[in-house]
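>>> What follows is a predicted protein model with its sequence.
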Amino acid sequence: MRFEAAMPNERWQADITHWRLGGGTEVEILNVIDDHSRFLVASDARATTKAADVVASFHRAVAAHGFPASLLSDNGAVFTAAPRGGRCAIEIELDSLGISYRHSSPYHPQTCGKVERFHQTLKRWLARQEAAASVRELQVKLDRFGSYYNGVRPHRAIGRRTPAEAFAARPKATPRLPGFVVPTHFRVRRDKVDITGTITLRHNSRLHHIGLGRRLIGTRVLVLVADLDVRVLSEDGGLIRRLILDPARDYQPHGRS
């Protein structure tokens, strides 16, 4: 019997699929749907999806639709580091939030069947459109289809309702594992380490400079800010620095946690 979550946000399914731009360049699309309602919570195009990108997409979806109780994905390298004897960025993030994380069985895509089916629906629609010349153009198309898919297109598997109707019809599930604390203020941003080895973060209309070290000059990073708790990740998902921002200091020295 096929599993179906009883509540919205009880489980999200995430997976990456491939698409070609008009010039033949292959890109990746990360899709995340709600298991109960088939509501599309994220659809993000990138040249290559890295570990930090998964975390960024997850938090953008959370900001718009709330925290899920659990996440299901396959065993791709950006979703799990278990085969390498460690944990990747999204595994660490979900664990810290008290969100249950499950991976599909190897060579068994049916476990993530709902998001796999969505890939097919999306690709059929994209094939009928003028080919996108860039990742940015493709993202515009994904956003347009997402609005239509969620709010206009009836879905047979949910009683001919739209996913938006099904998502709004019941109370939302929330994380239940230990560790879940909803931050008062959360944001995600990308930055590049400047020639002084720092990045800049605005808090309460005041700029603060966070030291990361000159060896990282030019490195692109993902910054996760939960109230005063700041984490800086590499694009591959490694933790570069974590600190509690001191609002009284313009400069947060490197090595000061």
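Yes, it's here. Residues are numbered from 1 along each chain as shown.

>>> which stretches of this protein form helices?
Assigned by DSSP state H, the helices in the chain fall at 51-65, 89-97, 113-127, 135-151, 163-168.

>>> Check which helices and strands the longest one sits against.
With contacts defined as 3 or more C-beta pairs under 8 Å, 6 or more residues apart in numbering; DSSP states H and E, helix 135-151 has these neighbours: strand 26-34, strand 40-46, helix 113-127, helix 163-168. Any C-beta I mention is one placed from the backbone N, CA and C, and that applies to glycine too.

>>> Which one of these lies nearest to Arg220?
strand 40-46 (12.7 Å; C-beta to C-beta).

>>> Please list the outside residues in contact with that closest one.
12, 14, 19, 27-34, 53, 57-58, 60-61, 64-65, 118, 122, 135, 138-139, 142-143, 145-146, 149-150, 163 (C-beta atoms under 8 Å, 6 or more residues apart in numbering).

>>> please redo it, this time with the cut-off set to 7 Å
Residues outside strand 40-46 that contact it (C-beta atoms under 7 Å, 6 or more residues apart in numbering): 12, 27-34, 53, 57, 60-61, 65, 118, 135, 138-139, 142, 146, 149-150, 163.

>>> Direction included, what does it pair up with?
Pairing partners of strand 40-46, with direction, according to DSSP bridges: strand 26-34 (antiparallel).

>>> Check which residues of the partner strand are buried.
By neighbour count on 16 or more other C-beta atoms under 10 Å, the buried set for strand 26-34 is 27-34.

>>> what does stretch 141-160 give?
Buried residues in stretch 141-160, defined by neighbour count with 16+ other C-beta under 10 Å: 141-142, 145-146, 149-150, 155, 158.

>>> Redo those residues as a markdown table? Include distance to Glu93.
A markdown table is the format used below for these (distance: C-beta to C-beta, whole Å):
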| residue | distance to Glu93 |
| --- | --- |
| Lys141 | 28 |
| Leu142 | 23 |
| Phe145 | 27 |
| Gly146 | 23 |
| Tyr149 | 26 |
| Asn150 | 25 |
| His155 | 29 |
| Ile158 | 29 |
